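J.: give the three-dimensional model of this entry:
(one chain, ligands or ions: 1)
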Amino acid sequence: MKECSFPAWLAAQAADRADRGLTRRLVDSDGEPLLDLAGNDYLGLARDPRVVAGAVEAAQTHGAGAGASRLVSGTLSIHTELEREMAAFTGFPSALAFSTGYHANLSVVQALADPDTLIVSDAHIHASMIDACRLTRATVTVTPHNDVAAVARALTDRSQRRALVLTETIYSVLGDAAPVAELAEVVAASDAVLIADEAHALGVAGPGGRGLLAAHGLAGRPDVVATGTLSKSFGSQGGLVLGLPAVREHLVNRARPFIYDTGLAPAAAGAALAALQVLKAAPELADRVRRNAAILADAVGVAAPAGAVLSVPMPGPREALAGVATAAGYGLRIGCFRPPSTPDGVSRLRLTAHAHHSDEELALAAKILRLVVAGR
Ligand SMILES: Cc1ncc(COP(=O)(O)O)c(C=O)c1O
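T.: Numbering: from 1, shown residues only. Predicted coordinates:
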């Protein structure tokens, strides 16, 4: 075998990424005041003084860190308060908080799948769910994006006793909604469980931002388990699993990314609780995000999305990067997804709408975006 030193291997990997226009860079959001259409702080709450005060107060009361796993000594009253409030808001009987949404997804799939389980996973599912499947000894079938008939076939044809169906309710890359009502029907008919990631729906979709499951009357159903993140609409950090108390109890006992992880930082819990109060007092924020998304969609010539995320296909990764650079030159921060972050291999611009952008800001953004898409 040819000798290849570790630094030389790293350099070869970097050169290959550069050749294909796929080098990823960390993006610094301190500094120049760009109008942000890239981040997921959809309600603008990460810097809201009420939310920041919630973080400060929680840190002063409970400390800077939880200090241990929730099963050792790391369960604080602010965790249980957060779980109670989030469950009540979303319409589920119970909730469990995690240090990230990534951990929530790893946990729920790992703990609910056993070797006699079939996992049916949408082709566009988030990386955290893909990694979660890899943590299990279950059989995994990937179905085409939003193809309910394919999900039904996989469930009917299975030899496994149990089955989980994985979906995002609003997809993070394409920004489209899953057919959650149809999926729930198929799941009920097949004695399966629907695991629905509401990361991009909470705060944005459903009544007062309660999510797409609530919008379809599916929140709280025994065969529906939801996951969520505190890092997007809630402007903080952390994750959630929402479901029956028995699901919560099972995760506490079986979910390795929960058991062997330090409890959520008190400041993150306090910020999320404060953000939830803001959203409950101003339910129109969710409508405002979708209204602003429709304005941006019109500017770039795509259909209005189900939530905040807009996806604009580009000819290739270099064109996507050039679009981002052009927008930045005009003071507009937009995102792009390139393979391997796009499930279909299509490079695209990713724009996100926010509740707090004024009509003047949106008009300016629309003007710049028209230039960007015209240069494709
Ligand atoms: C669909 C989806 N699920 C889960 C996550 C992970 O959430 P967190 O950032 O809280 O780890 C993300 C994104 O970050 C996401 O887009």
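J.: need the pLDDT of the residue in the chain positioned nearest to the ligand.
T.: Taking Cβ to the nearest ligand atom, the ligand has its nearest neighbour within the chain at residue 101, 2.5 Å off. Yep, even glycine has a C-beta here, placed from its N, CA and C like the rest. On the pLDDT scale, residue 101 is placed at 98.
J.: count of neighbours near the residue nearest to it when sequence neighbours are not counted?
T.: Leaving out its chain neighbours, the residue that sits closest to residue 101 by Cβ to Cβ, 6 or more residues apart in numbering is residue 229, at 3.0 Å. Using other Cβ atoms under 10 Å, the number of residues around residue 229 comes to 27.
J.: what bridges to residue 229?
T.: Listed by DSSP bridges, the beta-bridge partners for residue 229 are residue 239.
J.: test my guess that it contacts residue 236.
T.: No: if you go by Cβ atoms under 8 Å, residue 229 and residue 236 don't touch, sitting 9.1 Å apart.
J.: what touches both of these two?
T.: Common contact partners of residue 229 and residue 236 (Cβ atoms under 8 Å, 6 or more residues apart in numbering): none.
J.: list the residues that contact the residue of the chain closest to the ligand.
T.: Neighbour list for residue 101: 128, 197, 199, 227-231, 238-240 [criterion: Cβ under 8 Å, 6+ apart].
J.: restrict those residues to contacts with the ligand.
T.: 128, 197, 199, 229, 231, 239 (Cβ under 6 Å from any ligand atom).
J.: name the nearest residue to the second one, ignoring sequence neighbours.
T.: The shortest distance from residue 197 to any non-neighbouring residue, by Cβ to Cβ, 6+ apart, is to residue 168 (4.5 Å).
J.: count of residues packed around the nearest residue to residue 207 once chain neighbours are set aside?
T.: Nearest residue to residue 207 in three dimensions, chain neighbours excluded: residue 214, at 6.1 Å (Cβ to Cβ, 6+ apart). For residue 214, the neighbour count with other Cβ under 10 Å is 24.
J.: would you confirm that residue 214 belongs to a helix?
T.: Yes: counting by DSSP: H, G, I helix; E, B strand; the rest coil, one finds residue 214 located in a helix.
J.: start at 8 instead
T.: Fine by me, first position is 8 from now on; the one you just mentioned is residue 221.
J.: confidence score at residue 31?
T.: Residue 31 is assigned a pLDDT of 86 by the prediction.
J.: run a quick neighbour tally on it.
T.: Count around residue 31 with other Cβ under 10 Å applied: 8.
J.: double-check that it belongs to a strand.
T.: No: Residue 31 is assigned coil when assessed by three-state DSSP, not a strand.
J.: tell me who's in contact with it.
T.: residue 24.
J.: circling back: surely the residue nearest to residue 204 meets residue 209?
T.: No: the pair residue 175 and residue 209 does not pass the contact test of Cβ under 8 Å, sitting 11.7 Å apart.
J.: higher neighbour count, the two?
T.: Using other Cβ under 10 Å as the criterion, residue 175 and residue 209 rank with residue 209 on top: 34 against 26.
J.: in which helix or strand does the more buried one reside?
T.: Using DSSP states H and E, residue 209 is not contained in any helix or strand.
J.: please apply the same query to residue 342.
T.: strand 339-344.
J.: that strand pairs with which strands?
T.: strand 42-44 (parallel), strand 355-359 (antiparallel).
J.: hmm, the last one in reach of the ligand?
T.: No: with Cβ under 6 Å from any ligand atom as the criterion, the ligand is not reached by strand 355-359; the gap is at least 10.7 Å.
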